[in-house]
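In: whatever this is, show me its structure:
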Amino acid sequence: MNAQKNVPSLLGRAGTVSALTIAALGGTMLVPGGTPEAQAAATAHAGKALKVAAAKKGAPYRYGAAGPSRFDCSGLTVYSFKKAGKKLPRTAQQQYNKTRKISMKSRKAGDLVFFHGRGGVYHVGIYAGKGKIWHSPKRGSWVKLDKIWSRSVSYGRVR
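Out: Numbering: from 1, shown residues only. Here you go, the predicted model:
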């Protein structure tokens, strides 16, 4: 029996379908108010931005720099998303304010990871999956892939 052929009839008979049912049938869920086209575009931009950041591996950190050969943390995210066709504000805090907040369970590769301290957001990187980010951490360092080291983080999706 081909399960995919039966999906439309199952959904038709079920009426309102839960997220678990959709996931079990191999479907996708949309963010409320989001169109399939908008979600596909956001995913494509995020994936491209992630690849751009990874391609900058080894580029030295420089405070206030936004590429193409030196970066600070928010400069790397600005540069990466610009190359992917999306405009971000310049600082980590401004980027936090501009993105759509998502849960840790909802995070995907290409989402932004914001690090929080007493004064607000102090660092940003691009989520690479498996608890790691691409970022430009500090003076004397360079763009690299690192494990997320803090629990004081939140996640944002570029619209």
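
In: the bottom helix or strand of this structure by mean pLDDT?
Out: Least confident helix or strand, the chain: helix 19-24 with a mean of 36, by mean pLDDT, DSSP states H and E.

In: who's in contact with the helix or strand just after that one?
Out: Moving toward the C-terminus from helix 19-24, the next helix or strand (DSSP states H and E) is helix 36-55. The contact list for helix 36-55, computed with CB atoms under 8 Å, 6 or more residues apart in numbering, reads 30-31, 76-77, 79-81, 83-86, 108-111, 126-128, 134, 143, 145, 157-159. From N, CA and C alone the C-beta is placed, and that goes for glycine too.

In: those, buried ones only, as a PyMOL selection?
Out: To isolate the buried members of these in PyMOL, using 16 or more other CB atoms under 10 Å:
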select buried, resi 76+77+79+80+81+83+84+86+109+110+111+126+127+128+134+143+157+158
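
In: check which helix or strand covers the nearest residue to Asp111 once chain neighbours are set aside.
Out: Using CB to CB, 6 or more residues apart in numbering and skipping residues adjacent in sequence, the residue nearest Asp111 is Tyr127, 4.6 Å away. For Tyr127, the host element (DSSP H and E) is strand 120-129.
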